[in-house]
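1. my questions are about this predicted structure, shown below with the sequence.
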Amino acid sequence: MTKKELKKYCHKFNRIVPVDEIAKGEPTSQTVKEYYTISGAYYTRFHSAEGALHLPVSFSPQSTHKKKLRFQAETIGEIITQHSCQKVLELGCGMGFNLCFLAETHPDVEFSGLDITPKNIKAALKKSAPFSNIRYELGNFDDTAGINGTYDLIFAVETLCYSEDLSRLVKELKAKLNPGGRLLIFDGYINADAKLDSKTEEEAYRYLSWGFAMSRFQNIKVLVSNEVKELYSIEIDRDFSQNVLPNFNAFQSGAKKVLRHPRTLRLLVRLKVISLVFIKQLAAGIFGPYFTSKAYLSYRLLVLLSKD
């Protein structure tokens, strides 16, 4: 997408929801809960019937969409096997996609899932019925006092971006890890020295963050700070930005078609025929590829090893 096109789509979104309107009020845990309560239906209809809520990671055009969605869980499974993890916790488990895959492939491992959305927990319990090695809890992972037990591995797939204080959370999670335990994170981050170089980019970025029910993306500096390094060794730091772009670009192509008639979309939102969450997801699809392609954002895997 060129900067000219970026301006064009900012204008389209301004017709539906003015940028000044989306800036009113910071997103809260309640906002995130409402977003995923409503968007779950869109995800299962258009993205993953099995309930995956994360980006597909592609290494080959021939790979199926389902295979691409399993990449995160398969990577986590490799870590579990390599380090003989016995107790594993997912923060923001959604509808249980990752945990069901892992519970089936690692039947001797005890898995736990924590999520803030009651509807997600209900769906996860239903999907996990065949497995005896998964348990779920409703709760906010930012409140680490509510996390029961300690674990060999704690992982989060595209969820820690919603933390109200990521630095504090990462430091507090160390107490929830067994000796030699690991914190594994898949997520999108602002790159350390990245800058927005125009008012159009600033506006587009606001729409993108709003599209993911956030006020902003987390900066990678938080996870590689000296404070964090005092508690953890950075065992793995890999950039998969180029591997999420194919799906992002396909999402963008579909979103462009829907946005041909912004005034009609605005009317449908006002009449409550379609949800504002649907418009948010269009914003994520339109602007995500731009900021990933220009390396303002990166999609990364980090594995932090707890220091004894």
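-> Ah, there it is.
2. and L114, which of the three is it?
-> strand (DSSP: H, G, I helix; E, B strand; the rest coil).
3. got the residue ranges for the strands in the stretch 1-150 of the chain?
-> Along the stretch 1-150 of the chain, the segments classed as strands by DSSP state E, counting those that start in this stretch run 87-91, 110-115, 134-138.
4. want to throw those strands into a markdown table with mean neighbour count, distance to E164 and mean pLDDT?
-> For glycine as for every other residue, the C-beta is placed from the backbone atoms N, C-alpha and C. What follows is the strands of the stretch 1-150 of the chain, written out as a markdown table (neighbours: other CB atoms under 10 Å; distance: least, CB to CB, whole Å; pLDDT from 0 to 100):
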| stretch | mean neighbour count | distance to E164 | mean pLDDT |
| --- | --- | --- | --- |
| strand 87-91 | 26 | 14 | 98 |
| strand 110-115 | 24 | 16 | 97 |
| strand 134-138 | 18 | 18 | 96 |
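5. closest to K257 out of those?
-> strand 110-115 (32.1 Å; CB to CB).
6. partner strands of that closest one and their direction?
-> strand 87-91 (parallel), strand 134-138 (parallel) (DSSP bridges).
7. next, format the ones you listed as TSV and append distance to T2.
-> What follows is these, written out as TSV (distance: least, CB to CB, whole Å):
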stretch	distance to T2
strand 87-91	38
strand 134-138	45
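8. and the ones you listed: which comes nearest L304?
-> Judging those by CB to CB, what sits closest to L304 is strand 87-91, at 13.3 Å.
9. can you tell me how far the residue nearest to the spatial centre of the chain is from A295?
-> Nearest to the geometric centre of the chain sits E158, at 2.3 Å (CA atoms, centre = their mean). For E158, the distance to A295 equals 19 Å [CB to CB, to the nearest Å].
10. just L208 next, same as before
-> The value you get for L208 to A295, if CB to CB is used, is 15 Å.
11. try K7
-> Separation of K7 from A295 (CB to CB) stands at 20 Å.
12. which of these two has more residues huddled nearby?
-> Between K7 and A295, K7 has the larger neighbour count (other CB atoms under 10 Å), namely 16 against 12.
13. OK, contacts around the more buried one?
-> Applying CB atoms under 8 Å, 6 or more residues apart in numbering to K7 gives the contacts T200.
14. go ahead and confirm V88 touches L153.
-> Yes - at 4.7 Å, V88 counts as touching L153 under the criterion of CB atoms under 8 Å.
15. list residues touching both of these two?
-> I80.
16. in the stretch 151-300 of the chain, which spans are helices?
-> In the stretch 151-300 of the chain, the helices defined using DSSP state H, counting those that start in this stretch lie at 166-173, 199-211, 226-229, 241-258, 262-270, 276-293.
17. contacts for the fourth one, please.
-> Translated: helix 241-258. By CB under 8 Å, 6+ apart, helix 241-258 touches 1, 9, 55-59, 61, 65, 68, 71, 265, 282, 284-286, 288-289, 292-293, 295, 297-300.
18. in it, what counts as buried?
-> Under the neighbour-count criterion of 16 or more other CB atoms under 10 Å, helix 241-258 has 241, 243-248, 251-252, 255-256, 258 buried.
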